[in-house]
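Student: fold the following and give me the result.
(chains A and B)
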Number of protein chains: 2
Amino acid sequence: MANKPSIPKGTRDFGPEEMAKRNYIFDTIKQVYALYGFQQIETPAMETLQTLMGKYGEEGDKLLFKILNSGDYLKSISDDELKERNVLKLQTKLCEKGLRYDLTVPFARYVVMHREELQLPFKRYQIQPVWRADRPQKGRYREFYQCDADVVGSDSLLNEVELMQIIDTVFTQFGVRVQIKINNRKILTGIAEVIGEREKIIDITVAIDKLDKIGLDKVNEELHADGISEEAIEKLQPIIKLEGTNDEKLDVIAEVLKDSEIGQKGVEELRFILDCLKQSGLNNEIQLDLTLARGLNYYTGAIFEVKALDTQIGSITGGGRYDNLTGIFGMSGLSGVGISFGADRIYDVLNTLDLYPKESVLGTQLLFINFGEKETAYCLPIIAQARNAGIRTEIYPDSAKMKKQMSYANAKNIQYVALAGETEMEAGKITLKNMTTGEQALISADDLVKAILN
Amino acid sequence: MANKPSIPKGTRDFGPEEMAKRNYIFDTIKQVYALYGFQQIETPAMETLQTLMGKYGEEGDKLLFKILNSGDYLKSISDDELKERNVLKLQTKLCEKGLRYDLTVPFARYVVMHREELQLPFKRYQIQPVWRADRPQKGRYREFYQCDADVVGSDSLLNEVELMQIIDTVFTQFGVRVQIKINNRKILTGIAEVIGEREKIIDITVAIDKLDKIGLDKVNEELHADGISEEAIEKLQPIIKLEGTNDEKLDVIAEVLKDSEIGQKGVEELRFILDCLKQSGLNNEIQLDLTLARGLNYYTGAIFEVKALDTQIGSITGGGRYDNLTGIFGMSGLSGVGISFGADRIYDVLNTLDLYPKESVLGTQLLFINFGEKETAYCLPIIAQARNAGIRTEIYPDSAKMKKQMSYANAKNIQYVALAGETEMEAGKITLKNMTTGEQALISADDLVKAILN
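Tutor: Have a look, this model is predicted:
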């Protein structure tokens, strides 16, 4: 007896129902991306370690899955090196390849390698799994899909506008009410500049973020404790107490940042984006949120984040503008802006809110009961007719007991069952049973097709 | 300056056009699989080495990509073991996981692990990449997609019938004329039995396969050289000279195999399958071919193979009936039958014969030229209207030179370009240019949508 099989921790099998739901999510996102002119690409699961290493920080390097070289992988390693047991040093000799960790670095590598063929601006989307040797926990997997869209080679803010529209359209199609949060790195830089605390911007946003929970006094205390000067805290007051519409907020920020060139640039950018979105009209609210500081180490302009309103799950989509995507591969001056839908979390949201359209999880529509060879021969042309009409149809392959066949139909959630015995064959008809209503009728093959398609 | 990036040998990037074509292939296959009641599953890219090793022979074990354990991967290895440099032994200590090599073993593992949830017969399809550390060469990659459909838990030959119909339907939809070849392992066993040469069945099929090229005398010489007795060669003559319709061939074989129980069973099975297919009517020819001996080490019943008629490329689809799929994981008695479309070769066939439907590779349909902020503001609601109507629409993000924007439209093969300058804005209209015909007209937003959708 063989061992009971298992799968690597942090990985998952997806069964038919999960796949149907996931396909619904991916297909919806793909179709919206395409509506905005984004084109799909795919890159290999494996990249060279040279491409991957050093791109995600020291921690990221550790979380890369590395692939053992084929053949004599010890060839280039001396006995002394082996004895030394320097795990980090040895791994780059044992392995030349790793599994991709995200879709951004492979995309940057793609752009550089295919620069000659690419028409800029290049609007690409990519939906593929990525792998991280993270400690698995609830909602965190070692293999998961990312759904990225990026535009490279254009500084225009229209790209930001359209990405917000894409987010709005996707969640509208899902029926999920969301709040889109937007910020701008240049505004944060401007604030730090104006108050003379360039290094403290993260501390500041963290403190401001607590206003609702702990109140103004405590926020100011915290800023003080962070080592921010009284004068700076004074200057920050309008920013901390920021409220009202996006326009009102922008007016306050513009006033505070009137002496910061970069800050004014940030205000201008945000104003343009929000004005454009006002014109086209979003279904979901977009809110300027200065505490939004994700990816601060690489975003250089707009920063986005999306939260579901009717269930608590954290960010379900994010993105922003970055400069110099391809600089790491020696091709500089290419700016980009992108978003990434969190497919696994969106899956959880749609499950929690029960928002999958019925058709999206529908498999087989019609099952023919198998009564034996003669009856099957009678059914085959009718089955072909149903399939030609686009009806997803099965015949139970064995002439098993009726009960077994019916429970197969139930388990697969098949709505119609067709039966043909002596009576039906003599009449040249079929009995069609609606499994939901229990109704059944003796009808012709043509009428069977019509009944199911209506 | 960073190093010029590259990808691991034997792997590929897929650009927008290749992706569109590949999606067309996968979508067609998926939709036909669904029409026959197959449900999609996905399994992780990584499996435990325990699941993978020993399933593909010694050579297969070598071709598995193995993933270095995270953390201190040398922990469980002693200095002596290191010094010994036994590469095969060490790799199972360095690595616990590998990349899947095919979709069959992961499927067997899936069935065993999910046996409680599965409703048998289980009809699953799976379209995912697999990885093999093979020497890359023309048409052979280290990462490639497989498109498998299998039914497990049913011995019924109706499954074989439906798989042949699926093949027929898929290639009909592609517009590729194919020949479907079918054989039965039981017939081959019967032949070997009758002529008393159980071990020589491969030699025999190889020799018979050469009849057209080298003629009967040479075939008989070759059989003789293979050590097959004169008596056996005599008995083989009707089999070697086999010709005519499938029915005629089956009659001859039945006569030759009249004393072999297993042979008769094979004839019966094939007759049933071919009779059913005659009734439902295939678009492509199905031909009984005794020289078809693929997968002889695991197929136990029907064997299938598909060849394109209008281009030479070898087998583009194959499959067969196997017993005991899950026996390797301790769950015995489960028979299965399946097929696998060779996506990469089908891609080449469709390219060679230029058979992609125009719509399948169509990206953006409409590009708005960007003349500046004011004009863009005028266009945004019209763009939204076009997208709401389902038209894949872009606005060039920067107000670049007209020539640059038009060459973007050309490079992306965009059929319609919309322009709005002073004149159009005053008239409350848009100039729509058909890039194929060169025609242009000043029309309303409503008419623009209609013009493109018709």
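Student: does A:Leu290 touch A:Ile208 like I think?
Tutor: Yes - between A:Leu290 and A:Ile208 there is a contact under C-beta atoms under 8 Å: 6.4 Å. (C-beta placed from N, C-alpha, C; glycine too.)
Student: so what sits against both of those two?
Tutor: Common neighbours of A:Leu290 and A:Ile208 (criterion: C-beta atoms under 8 Å, 6 or more residues apart in numbering or on different chains): A:Ile239.
Student: how about the nearest residue to A:Lys241, chain neighbours excluded?
Tutor: Spatially, and ignoring its direct neighbours in sequence, A:Lys241 is nearest to A:Leu216 (6.8 Å; C-beta to C-beta, 6 or more residues apart in numbering or on different chains).
Student: I meant to write A:Leu257 there.
Tutor: Closest to A:Leu257 by C-beta to C-beta, 6+ apart is A:Gly263, at 3.2 Å.
Student: does the one you found touch A:Asn184 like I think?
Tutor: No - A:Gly263 is not in contact with A:Asn184 according to C-beta under 8 Å; the separation is 9.2 Å.
Student: of these two, who's got more company?
Tutor: Comparing A:Gly263 with A:Asn184 by other C-beta atoms under 10 Å in any protein chain shown, the one with more neighbours is A:Asn184, at 29 against 24.
Student: does that one touch A:Thr300 like I think?
Tutor: No - A:Asn184 is not in contact with A:Thr300 according to C-beta under 8 Å; the separation is 9.4 Å.
Student: give me the below-cutoff pLDDT ranges for the stretch 151-300 of chain A.
Tutor: For the stretch 151-300 of chain A, no stretch is flagged by pLDDT under 70.
Student: helices along that one, start to end?
Tutor: Remark: helices assigned in the stretch 151-300 of chain A by DSSP state H, counting those that start in this stretch are A:158-174, A:185-194, A:201-208, A:211-225, A:230-240, A:246-256, A:261-280.
Student: mind listing what's buried in the shortest one?
Tutor: By 16 or more other C-beta atoms under 10 Å in any protein chain shown, the buried positions in helix A:201-208 come out as A:Ile201, A:Asp203, A:Ile204, A:Thr205, A:Val206, A:Ala207, A:Ile208.
Student: dump the residues you listed into JSON lines; add distance to A:Ala254 as well.
Tutor: JSON lines is the format used below for those (distance: C-beta to C-beta, whole Å):
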{"residue": "A:Ile201", "distance to A:Ala254": "18"}
{"residue": "A:Asp203", "distance to A:Ala254": "23"}
{"residue": "A:Ile204", "distance to A:Ala254": "18"}
{"residue": "A:Thr205", "distance to A:Ala254": "19"}
{"residue": "A:Val206", "distance to A:Ala254": "24"}
{"residue": "A:Ala207", "distance to A:Ala254": "22"}
{"residue": "A:Ile208", "distance to A:Ala254": "18"}
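Student: between these, which sits nearest B:Phe329?
Tutor: B:Phe329 lies nearest to A:Val206 out of those, by C-beta to C-beta, at 50.7 Å.
Student: list the contacts for the residue nearest to A:Pro44 when sequence neighbours are not counted?
Tutor: Nearest residue to A:Pro44, sequence neighbours excluded (C-beta to C-beta, 6+ apart): B:Thr11, at 3.6 Å. Each residue near B:Thr11 by C-beta under 8 Å, 6+ apart is listed here: A:Pro44, A:Ala45, A:Met46, B:Tyr141, B:Arg142, B:Glu143.
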